[in-house]
Every structure is written in C-alpha cells, then in structure tokens.
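# no sequence for this one, just the structure:
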Ligand SMILES: Cc1ncc(COP(=O)(O)O)c(C=O)c1O
C-alpha cells in the first residue's frame, strides 16, 4: 500500500532522541530545556516569525492561541467547517461559539466575503485554515479583521513550507498554529508550535503552556500543561533541517501527478499561484459533478490497487453530531459540495517517481 502520508525517520532522528534519553533530561518546567529552546529558535526562523512557542500538539497550539488573543465564554469565532475538527475544538474549549462560514471552491479556504457577512457584535476572532497546505486569502482577511477590531489566528497545521506573497505563511496573523503530528510535512510524533510577532502574545502563550505561570506555583492566568518534551524537540530539530528537501520532493510528485491528470476533464486539480506556493501536504483533486457515492467508490477502487487515497473531510464540522447539537449553523453549500467530491492522493517524500506515475495512470484508468 502506498500510504497517504508516512513520516520520514532517519538515523539522525533516532540518534537525537537517544542523546536526550542518555542525558536524563526528558522535559522541563517553567524554563524549557535545551532541545525545545533550539527547536523554537529554528522554527521561528523557518516561519519568518519573531517568536515560536513549542507545545505538545497542534490542537494545544490552537487552544492556547485562541485563549491568548482573549476569546472567552460568550464570544464568537469565525472559522471554516471544511477542516480537521481540532480547529473548532479550540473555540469550543475556550467556551466560545464556533461560527462556521463557507469556503471558496477553488482554494477550499475561508471566503473573505462570507466572513464579513458573519461578523456580529460578539465576534472576537477569525480563524482561517491553510487547507491541504495552501494559504488562505490573508490580505483580505487581515483587512476585514482590522476594520472590525478582530484577532486573526491562523491554523497552519498543514502548511510548513507554504508561502504567501513570497513569505512563509503566517505573516498576516496575530498567532499562527502548526502541528508536528506524525503525518505532517515535518513531525515530532505528536507536537505543535504557536508563532507570533507580538511580544505580549508570546509571553501569554508561554504562560498558558505552563499553568498560567511566570513564577513557579503562582498562576497569574488560566493555563494548563501544553509543554513539548525534549524528545519531541530533538526530532523536530533534525526534521527542520529536512523540510526544504521534503517539500521539494512533494512538489515534484505533485507536478508529476498534475502532468498526467490534467488531460482528464472529469477532474479539478489543485490550485496554486506564483504568489501563493503550496506546501503540498495533500494533493487534493475533485470529481467534477461527481456524487458522494461515486467518489467513495473511486477511493475504494484506488485502495484495491494499493493506493492509499483518502477524502479530507467527509464530514464538515457543522454536520458532526456534537457541533450540530450544540452550535446551530447556516447551510454551507460549497463546503457540503466539496466534502462529497474531494479525494487526496499520496505525494509524501517516500513516494518514488515510479509510484507517482503509477498513481496518476491508475487514476486515469479508473475514471
Ligand atoms: C487543519 C488541522 N488543524 C489542526 C490539527 C491538529 O493538530 P494535532 O493533530 O497536532 O493536534 C491538524 C492535524 O492533525 C490539522 O490538519
């Protein structure tokens, strides 16, 4: 089976973890350990941000970010429904209401005009996602946030290596949240990072990460334990150095697939511009005018041929039982349509040129 994603673990990662284990310093308290400190420095540089705060999952980064920008019980946060559920969890965990708005069909990302329509007196923040590794429309989203005095928190869990206006994604947001989960472009098994250019937010994020403390046993704000371990950071330090190569290989595989698949008029292929470069976390196409049944059958046929295709995401969040029961939502026609038609193909760095050709040709033969 050619899996949809597979972490690249080399001898260097293994040695880095060994070194931490032998040192006996596996984690830390208020002041972070040497591996986490090095990781934060390296990650901030990669992201083009002043500060990076290492945490134990991408979900933790999102929750801490939503808390740090001041979202509280009774507030509303505008976000897409067409994303991984963690984006909405962060809002609900902060006691606020997730207000789901529709996407632009071409990019699968939050539609700025729909965001503007959903703003109320209770809106506190906007939380766009760089879905599949393609940046949301941040120039517009920043303008809207500024006009209405809202915070902008970005879910860049899938976007390591993506650019927007020639810079790493995230330059327009107050806090940017990254996942280091095992499937991601770079990974630490489980892990996450929040980046920011704002000194105050950096300090707040660090406090939330360790029980709201600046000094031990004297919590100043509500916090929790979202600390990253030294083992996680040690893996991350090696992976950071490999990101460029990983993304280049993903891009190469994506380009090969596009070359093969662009001949077929039944497919809509991923969108990219010079100005907004993909991280190629997922190569996602859609079956033009296809039904959900056709799409699911197509994915099963690919799986039968040894290709681990998947659909992200079959259930938009506003239709999941918990969210449907607790947070009413408007209908989201583009989201609902995309969730029935999209499918993703493996392009991770472990996919060889020959396998990429096989994937492309198999897709064509099954259409
Ligand atoms: C879009 C998105 N948001 C948030 C997350 C949550 O990250 P994590 O699994 O590290 O908690 C993920 C990844 O799993 C994701 O893909």
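All right, it came through fine. Note that this is a predicted model, so its numbers are computed, not measured. Numbering: from 1, shown residues only.
# For the chain, what lies in contact range of the ligand?
Within the chain, the positions near the ligand by C-beta under 6 Å from any ligand atom are 57-59, 83-84, 86-87, 129, 155, 157-158, 179, 181, 192. For the C-beta atoms, the positions are set from N, CA and C on the backbone; glycine is no exception.
# repeat that for 5 Å
Residues of the chain found near the ligand (C-beta under 5 Å from any ligand atom) are 57, 58, 59, 83, 84, 86, 155, 157, 158, 179, 181.
# In JSON lines, list these along with distance to residue 364.
Supplementary listing: those in JSON lines, determined by distance: C-beta to C-beta, whole Å:
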{"residue": "57", "distance to residue 364": "38"}
{"residue": "58", "distance to residue 364": "35"}
{"residue": "59", "distance to residue 364": "38"}
{"residue": "83", "distance to residue 364": "30"}
{"residue": "84", "distance to residue 364": "29"}
{"residue": "86", "distance to residue 364": "34"}
{"residue": "155", "distance to residue 364": "33"}
{"residue": "157", "distance to residue 364": "31"}
{"residue": "158", "distance to residue 364": "26"}
{"residue": "179", "distance to residue 364": "32"}
{"residue": "181", "distance to residue 364": "32"}
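# so where do the helices sit in the stretch 151-300 of the chain?
With DSSP state H, counting those that start in this stretch applied, the stretch 151-300 of the chain shows helices at 199-209, 230-261, 292-304, listed in chain order.
# These: which one's closest to residue 36?
Using C-beta to C-beta as the measure, helix 230-261 is the one of those that comes nearest residue 36, at 4.3 Å.
# What is that closest one packed up against?
Contacting helix 230-261 under the criterion 3 or more C-beta pairs under 8 Å, 6 or more residues apart in numbering; DSSP states H and E are the following elements: helix 11-23, helix 34-47, strand 51-55, strand 283-287, helix 353-366.
# Most tightly packed of these?
Per-stretch averages of neighbours, counted by mean count of other C-beta atoms under 10 Å, single out strand 51-55 among these, with a mean of 27.
# sorry, back to before: would you reformat the helices and strands packed on helix 230-261 as CSV and include distance to residue 214 and mean pLDDT?
Converted to CSV, these look like this (distance: least, C-beta to C-beta, whole Å; pLDDT from 0 to 100):
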stretch, distance to residue 214, mean pLDDT
helix 11-23, 26, 98
helix 34-47, 17, 98
strand 51-55, 14, 98
strand 283-287, 43, 98
helix 353-366, 50, 98
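# how about the ones you listed, which one is nearest residue 248?
Between the helices and strands packed on helix 230-261, helix 353-366 lies closest to residue 248; by C-beta to C-beta that is 13.1 Å.
# Skipping its backbone neighbours, what lies nearest residue 363 in space?
Of all residues beyond its chain neighbours, the one nearest residue 363 is residue 261 (6.2 Å), with distances taken as C-beta to C-beta, 6 or more residues apart in numbering.
# pLDDT wise, what is the residue of the chain found nearest the ligand at?
Sorted by distance to the ligand under C-beta to the nearest ligand atom, the residues of the chain start with residue 58, at 2.5 Å. Per-residue confidence for residue 58 comes out at a pLDDT of 98.
# Enumerate every residue touching it.
The contact partners of residue 58, by C-beta atoms under 8 Å, 6 or more residues apart in numbering, come to 86, 157, 177, 178, 179, 180, 181, 184, 191, 192.
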